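Novice: Would you be able to build a 3D model of this:
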Amino acid sequence: MILLFSLSSFILGCDPIDARLTIINNSPDSIYYDYSFNYPDTGLPEISPILKGEVEINHKKQSINNFDGYHQGIKPYDTLVLRYMGDFEQSVKDNPHKKLLIFIYDTDTIQKYTWEEVRKENKIMKRYELTVQELKQSNWTIIYPND
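Specialist: Modelled structure (predicted):
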């Protein structure tokens, strides 16, 4: 009985996974993505979502060249459903400017340059700045490229 109570408490206490945001890569090239709730700061984060190059972790420089497990590549003409620990809509609403940023990167750029170069030179292919209303109108689907 105690085990059953503990198990149900654990399951009910877990944060929900929001899997409604979808990115469709409608291009002939693989892409990488990242997202942020830090609008109006539209700059790229200091730490790479697609870890590459040298970063400092616990005051030690480490060379890294792989994904962090949350941000993935999307193959040509493929679809990725983002799995977010929490609620996308509430996270956007909690931002004072009420926008979600989505960054699209070229695979070759990420593989060729360090994250510092990508950041300083703003080497992104596309930046989306979306409100909850825009996300709902698009059925929580981002199509790249959208033109």
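Novice: now the strands: where do they sit in the chain?
Specialist: Assigned by DSSP state E, the chain shows strands spanning 17-18, 22-25, 31-36, 52-57, 60-65, 73-74, 78-81, 84-85, 100-106, 126-130, 141-144.
Novice: Of all those strands, which one is nearest V92?
Specialist: For these, the distance to V92 is smallest for strand 100-106, at 4.8 Å, taking Cβ to Cβ. The C-beta positions use only the backbone N, C-alpha and C, and glycine is treated the same way.
Novice: Pull up the pairing partners for that closest one, direction included.
Specialist: strand 31-36 (antiparallel), strand 126-130 (antiparallel) (DSSP bridges).
Novice: where among the strands of the chain is the average confidence lowest?
Specialist: Across the strands of the chain, strand 52-57 has the smallest mean pLDDT, namely a mean of 44.
Novice: Which one of the strands of the chain lies nearest to Y113?
Specialist: Taking Cβ to Cβ as the criterion, strand 52-57 is the member of the strands of the chain that comes nearest to Y113, at 8.1 Å.
Novice: how about N26, what does it touch?
Specialist: Contacts here follow Cβ atoms under 8 Å, 6 or more residues apart in numbering; on that basis N26 touches 77, 143-145.
Novice: Format those residues as CSV; extra columns: neighbour count and distance to L44.
Specialist: Shown next, in CSV, are the contacts of N26 (neighbours: other Cβ atoms under 10 Å; distance: Cβ to Cβ, whole Å):
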residue, neighbour count, distance to L44
Y77, 11, 26
I143, 14, 22
Y144, 19, 17
P145, 11, 20
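Novice: Closest one of these to R20?
Specialist: Nearest member of the contacts of N26 to R20, counting by Cβ to Cβ, is I143, at 15.1 Å.
Novice: out of the strands paired with strand 100-106, which comes closest to D94?
Specialist: That would be strand 31-36 among the strands paired with strand 100-106, by Cβ to Cβ, at 13.1 Å.
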